[in-house]
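> fold the following and give me the result.
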Amino acid sequence: MTEVSRKTQYALLAAVDLAAHYGPRSLVSLSEIAARTGLSRKYLGQMLLLLKRRMLVHSTRGAKGGYRLMRRPELINVAEVIEAVAAGRRGPADGRPPGAYKSALDWLTQQMAGARRALLADLTLADLVQKAKQSQ
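Numbering: from 1, shown residues only. Below you'll find the predicted structure:
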């Protein structure tokens, strides 16, 4: 079973915080996100830059600057955030055994990846915000 990397978790935390404080014109400062998530400002800045490169987040510089989602939270799915973090990262080394069963394992891996992608594409940032509110 593939686990979500710490980097991906942090990017999701930042995105969910922005979703929870979403307003079409409102900006959320890096300090506010850091205070609510408990993550370092430096690391959050790196995660938000990855999201910005994928056109998920907009940033404005200056004293009244900050970050906001480019689209409403219900229009950004979890898969997009995960793919933003994974972009540019090398895939895992091919450690599968050669032989007669390799094609079966390749097929299984593709099926699992497809099912995971479908699940994550169906979940939005708004869904995660709602789940967080239910847990409080």
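> tally up the residues packed near residue 7, please.
Using other C-beta atoms under 10 Å, residue 7 has 15 other residues around it. The C-beta positions use only the backbone N, C-alpha and C, and glycine is treated the same way.
> what helix or strand is it on?
helix 6-20 (DSSP states H and E).
> need the residues that contact that helix.
Applying C-beta atoms under 8 Å, 6 or more residues apart in numbering, the contact partners of helix 6-20 are 4, 28, 33, 36-37, 39, 43-44, 47-48, 50-51, 56-57, 67-69, 73, 76, 78, 81-82, 84-86, 125-126, 128-129, 132.
> against residue 106, how distant is residue 100?
Residue 100 is 12 Å from residue 106, where distance means C-beta to C-beta, to the nearest Å.
> how far does stretch 76-92 sit from its chain's centre?
Centre-to-centre, stretch 76-92 and its host chain are 7 Å apart (C-alpha atoms, centre = their mean, to the nearest Å).
> next helix or strand past the helix or strand of the chain with the lowest mean pLDDT?
Among the helices and strands of the chain, helix 102-122 carries the lowest confidence by mean pLDDT, DSSP states H and E, at a mean of 87. For helix 102-122, the following helix or strand on the C-terminal side (DSSP H and E) is helix 125-135.
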